[in-house]
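K.L.:
based on what follows, work out the 3D shape:
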Amino acid sequence: MSTNLFISLPISDLERSKAFYLALGATFKPELSDDNGVCVAWDDNVFFMLITREFFATFTDKPIADPKETVQVSLNFSRDSREDVDAVIAAGLAHGGTEPKPAQDYGFMYSRDLDDPDGNNLGFLYMAPEGVEAGAEAPVAAQA
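P.N.:
Modelled structure (predicted):
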């Protein structure tokens, strides 16, 4: 059985958000899009549903958080190299994103955060193969 992951994000401008995520390397799925939201795919199993705040509110009775003010979740994506991390951050910055804090370099792992134009937080990271092999011990060893 294959599992698809659909992550819904409240956004304020459909076209701006679509352009932003396409610049990061996602692809547009018109068959899953309309005037209330657009679907972008990261790969065959991971999708973002970028939904207008007004329509998003119809799915819940809870208040919709303003991602520029609060963080509920950070979505993190692995990349094949440090250069790939830097390239996706550069594309995001060029398309209205912001980098909320400096890069984190632990030697075995390199990561950078990117907020989309609405403030939703994305992380992009590269972990060297030796970091993956060391598993949970890698962060402790890096701090020693």
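K.L.:
so what's the residue nearest in space to the middle of the chain up against?
P.N.:
Nearest to the mean C-alpha position of the chain, by CA atoms, centre = their mean, lies residue 122 at 3.3 Å. Applying CB atoms under 8 Å, 6 or more residues apart in numbering, one finds that residue 122 lies in contact with 24, 74-77, 92, 113-116. Placement of C-beta: from N, CA and C, glycine included.
K.L.:
isn't residue 33 up against residue 39?
P.N.:
Yes - the criterion here is CB atoms under 8 Å, and residue 33 meets it with residue 39 at 5.2 Å.
K.L.:
quick revisit: Three-state assignment for the residue nearest to the centre of the chain, please.
P.N.:
Look at residue 122: counting by DSSP: H, G, I helix; E, B strand; the rest coil, its state is strand.
K.L.:
do you know how far it is from residue 8?
P.N.:
Residue 122 sits 15 Å away from residue 8, going by CB to CB, to the nearest Å.
K.L.:
please apply the same query to residue 115.
P.N.:
17 Å.
K.L.:
ok, these two, which is more surrounded?
P.N.:
residue 115 (20 against 15; other CB atoms under 10 Å).
K.L.:
any idea what the more buried one is bridged to?
P.N.:
Counting by DSSP bridges, residue 115 forms beta bridges with residue 98, residue 121.
K.L.:
so it sits right up against residue 96, yeah?
P.N.:
No - the criterion here is CB under 8 Å, and residue 115 misses it with residue 96 at 9.7 Å.
K.L.:
what's the per-residue pLDDT of residue 58 here?
P.N.:
For residue 58, the pLDDT comes out at 96.
K.L.:
confirm that it sits in a helix.
P.N.:
Yes - judged by three-state DSSP, residue 58 forms part of a helix.
K.L.:
need the contact partners of stretch 14-23.
P.N.:
So stretch 14-23 is contacted by 9, 11, 28, 35, 37-38, 40, 48, 50, 52, 91-92, 94-97, 116-118 (CB under 8 Å, 6+ apart).
K.L.:
kind regards, and thank you for your time.
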